[in-house]
Every structure is written in C-alpha cells, then in structure tokens.
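Chemist: how does the following fold in three dimensions:
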Amino acid sequence: MTGIAFRGVRRGGLRGGAWPFEIRQMADVVFFFFERDHWVRRIFVDGRGHPEGFPVTWMGHSIGRYEQFDTLVVDTVLVNDITWIDGHPHSTEAKFLEQFRVKAGDKLEYTIRVDDPKAYTKPWEGKRAFERMPRGFEIMEHVICEEFLENGAQRNQQP
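Modeler: Residues are numbered from 1 along each chain as shown. Below is the predicted model of the structure:
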C-alpha cells in the first residue's frame, strides 16, 4: 500500500469523504493523506496501546497491526461526535475496528465495525471498496477559493 492513491465515497473524519487519499507506510506508522482540507490520519503500527489522557479529535487515536500480507487492522478511539459514519451519528465513546485489505483489480476493501453503547443497542458493520487512482496521480491541495473551484471543476471532468 505504500504511496498509492485511492478515491472513495466515505463521509466523516475517519474516511475523508469522496476525495482522493494517499497511503504511506513507514516501519512504525501508516499515514493517510487526504486531499480534502489537508487532513492527515496517523495509525501507529509499533505495538503501542491507546494513551491515557489523549484528547478527543477529528481522527481520534488509531493503533494498527498487519494480518497476513494484505490487511491492515486498525483500532480507533476518541473520535469527536461531530463526525458521522455513513450518515450515522456516534458518541465520543465509540470504538471503531477497521480493516483495509488490498484486493485484485486495484481495489482496497474497507470494513468497519462500530461499537458505541451510548448511541446504539448493538455494534454495527459497514463495508466499502475504494478504487486505485491511475499511476502518476497526485493528490492536490483542497482550499476553498476561486483557484480551487477552477482547478476542481477541471479535475472533476476527468474520468
């Protein structure tokens, strides 16, 4: 998954909306760079746990591990309750278990399990697929201004 860009149709801080994102893997952390509003998500894969006293944020605190050679499993907590997951609200006490799995045909399969006893009577799950952007694609800056609107309109016309 190192340095590849995908486009998805997700909403909320964890997923980044219908904007392209890039995944960069390091030895101890995986970064998701989102085109939208310069969002960055950091997933620690060095074996640490969630720290005490970490503040509630848009992306929360994420720790992960690899299963097999093609799946990143991510445990996320402390996501603010302003975000919605697939149109569903959640509390700041929600726990998210995500899996990112590379599939054939340049697809990235995404599954999420939301466990939030304050908002739901039982955990629920969702699944999406992201498509890899063409080779050479680079995420752009997302800035609300006339230049962006002009560049965005041109970019959205591309297949």
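Chemist: now do the helices in this protein.
Modeler: Listed from the start of the chain, the chain has helices (DSSP state H) covering 146-156.
Chemist: show me where pLDDT drops low in it?
Modeler: Flagging of the chain using pLDDT under 70 yields the residue ranges 1-18, 142-159.
Chemist: do that again at 50, thanks
Modeler: Scanning the chain with the threshold set as pLDDT under 50 gives 1-3, 5, 7-13, 16, 157-159.
Chemist: please tell me how far the spatially closest residue to D70 that is not a sequence neighbour sits from Y66.
Modeler: In space, D70 comes closest to V102 once its chain neighbours are excluded; the distance is 4.6 Å by Cβ to Cβ, 6 or more residues apart in numbering. Bear in mind the C-beta positions are built from the backbone N, C-alpha and C, glycine included. When distances are taken as Cβ to Cβ, to the nearest Å, V102 and Y66 turn out to be 11 Å apart.
Chemist: which of these two has more neighbours?
Modeler: When V102 and Y66 are compared for neighbours, V102 comes out ahead with 17 against 12, by other Cβ atoms under 10 Å.
Chemist: list the contacts of the more buried one.
Modeler: Residues counted as contacts of V102 (Cβ atoms under 8 Å, 6 or more residues apart in numbering) are 1, 70-71, 108-109.
Chemist: which residues does it bridge with?
Modeler: Beta-bridge partners for V102, by DSSP bridges, are L108.
Chemist: D116 versus that one, what's the distance?
Modeler: In this view, V102 and D116 are 28 Å apart by Cβ to Cβ.
Chemist: now do W39
Modeler: Using Cβ to Cβ, which is the criterion applied here, W39 is 22 Å from D116.
Chemist: the two: who's more crowded?
Modeler: For the pair W39 and D116, the greater number of neighbours falls to D116 (21 against 17), based on other Cβ under 10 Å.
Chemist: nearest residue to that one other than its sequence neighbours?
Modeler: Counting by Cβ to Cβ, 6+ apart, the residue nearest D116 is A94, at 3.7 Å.
Chemist: cool, D28 as well?
Modeler: Using Cβ to Cβ, 6+ apart and skipping residues adjacent in sequence, the residue nearest D28 is D46, 3.9 Å away.
Chemist: the one you found: neighbour count?
Modeler: Based on other Cβ under 10 Å, the number of other residues close to D46 is 11.
Chemist: who's in contact with it?
Modeler: Contacts for D46 (Cβ under 8 Å, 6+ apart) come out as 27-29.
Chemist: the strands in the chain, which residues?
Modeler: With DSSP state E as the criterion, the chain has strands at 4-7, 20-25, 29-34, 40-44, 61-67, 71-77, 95-103, 107-115, 124-132.
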